[in-house]
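> Provide a 3D model corresponding to the input given below.
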Amino acid sequence: MKEHGRHFLFVLLTGMGLLIFIYAPASQAAFGLSDVFKNNIYNPGLLKPTDSVSKLKAGDRAPNFTLKAVSGETISLRQYRGKKNVVISFVPAAWTPVCSDQWPGYNIVKDIFDKHDAILLGISVDNIPTLFSWTKQMGNLWFPVLSDFWPHGKVASMYGVLRADGVAERALIIIDKKGIIRYMDVHDINKRPPLEDLVKELEKLK
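All right, here's what the predicted structure looks like:
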């Protein structure tokens with residue numbers, strides 16, 4: 001990522017060996033968050049990279065779930081069956097550094113999700129008021145943000161990404177239109193999953 005005036009240049013290497021150049025206003029860039037927002041971020045320090053027991057893998061049918069969204073909607077995984085590929089982004093907690101960087105980054109690459117007929121669902125174990133306040137500070141996220149607060153972490157547990165301390169792993173899961181898991185990355189909780197890896201996996205859905 002390089003700054004060009006008041007814009008940022010993001011370069012993604014796709015699975016086909018093509019470079020994608022994306023210009024975005026600084027206000028939308030992952031590192032372009034306001035100082036006021038940054039001052040409210042809680043840093044938990046270095047955490048154990050992963051801390052959950054895997055229950056699912058690529059090729060398995062994705063368990064259905066229904067969760068409340070920050071928007072007030074109720075969203076079920078099955079509503080996208082036959083219509084959209086689904087990318088689930090589990091993040092550990094609101095108001096933490098990597099999570100506050102990761103989700104705004106997906107705003108910049110919305111066109112890539114559209115190109116691959118995919119919807120992104122962001123899931124956290126935080127409650128709705130917390131997620132509402134946090135995502136408002138990020139700006140307008142284009143994707144639904146869902147609360148897995150109660151029963152606490154039920155969906156994260158179903159997918160085998162609930163950590164011992166009650167937060168979700170930092171995980172990315174791609175589910176095709178037939179409801180089959182095609183990719184699952186339970187990532188190091190301390191690091192942001194590379195966008196180029198996600199792009200490469202979305203290209204395989206063609």
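> which residue is nearest the middle of this structure?
For the chain, the residue nearest the mean C-alpha position is Ser89 (2.9 Å; Cα atoms, centre = their mean).
> thought Lys55 was touching Ala156?
No: counting by Cβ atoms under 8 Å, Lys55 does not reach Ala156; the two are 10.5 Å apart. To be clear about C-beta, it is placed using only N, CA and C from the backbone, and glycine gets the same treatment.
> how many neighbours does Asn40 have?
Using other Cβ atoms under 10 Å, the number of residues around Asn40 comes to 12.
> so the residue nearest to the centre of the chain sits in a strand?
Yes: according to DSSP: H, G, I helix; E, B strand; the rest coil, Ser89 belongs to a strand.
> of Lys55 and Ala156, who's got more company?
Neighbour comparison, Lys55 and Ala156: the larger count goes to Ala156, with 24 against 13 (by other Cβ under 10 Å).
> tell me where the protein has strands.
Counting by DSSP state E, the chain has strands at residues 2-4, 7-13, 19-25, 66-69, 74-76, 85-90, 118-124, 145-147, 170-175, 181-187.
> neighbours around the nearest residue to Ile112 once chain neighbours are set aside, how many?
In this structure, Ile112 finds its nearest non-sequential neighbour in Val199, 5.8 Å apart by Cβ to Cβ, 6 or more residues apart in numbering. Look at Val199: counted by other Cβ under 10 Å, it has 21 neighbours.
> distance of Val199 relative to Tyr80?
Distance, Val199 to Tyr80, by Cβ to Cβ, to the nearest Å: 20 Å.
> go on, Tyr183?
Counting by Cβ to Cβ - Tyr183 and Tyr80 are separated by 16 Å.
> with Cys99 instead?
Per Cβ to Cβ, Cys99 is found 23 Å from Tyr80.
> which of these two has more neighbours?
Cys99 (25 against 17).
> mind listing what the more buried one touches?
The contact partners of Cys99, by Cβ atoms under 8 Å, 6 or more residues apart in numbering, come to Val91, Pro92, Ala93, Ser124, Arg170.
> let's go with 6 Å and repeat that
By Cβ atoms under 6 Å, 6 or more residues apart in numbering, Cys99 lies in contact with Val91.
> and the nearest residue to Arg78 once chain neighbours are set aside, how many neighbours?
In space, and not counting its chain neighbours, Arg78 is closest to Asn64: 4.9 Å by Cβ to Cβ, 6+ apart. Asn64 sits with 13 neighbouring residues when counted by other Cβ under 10 Å.
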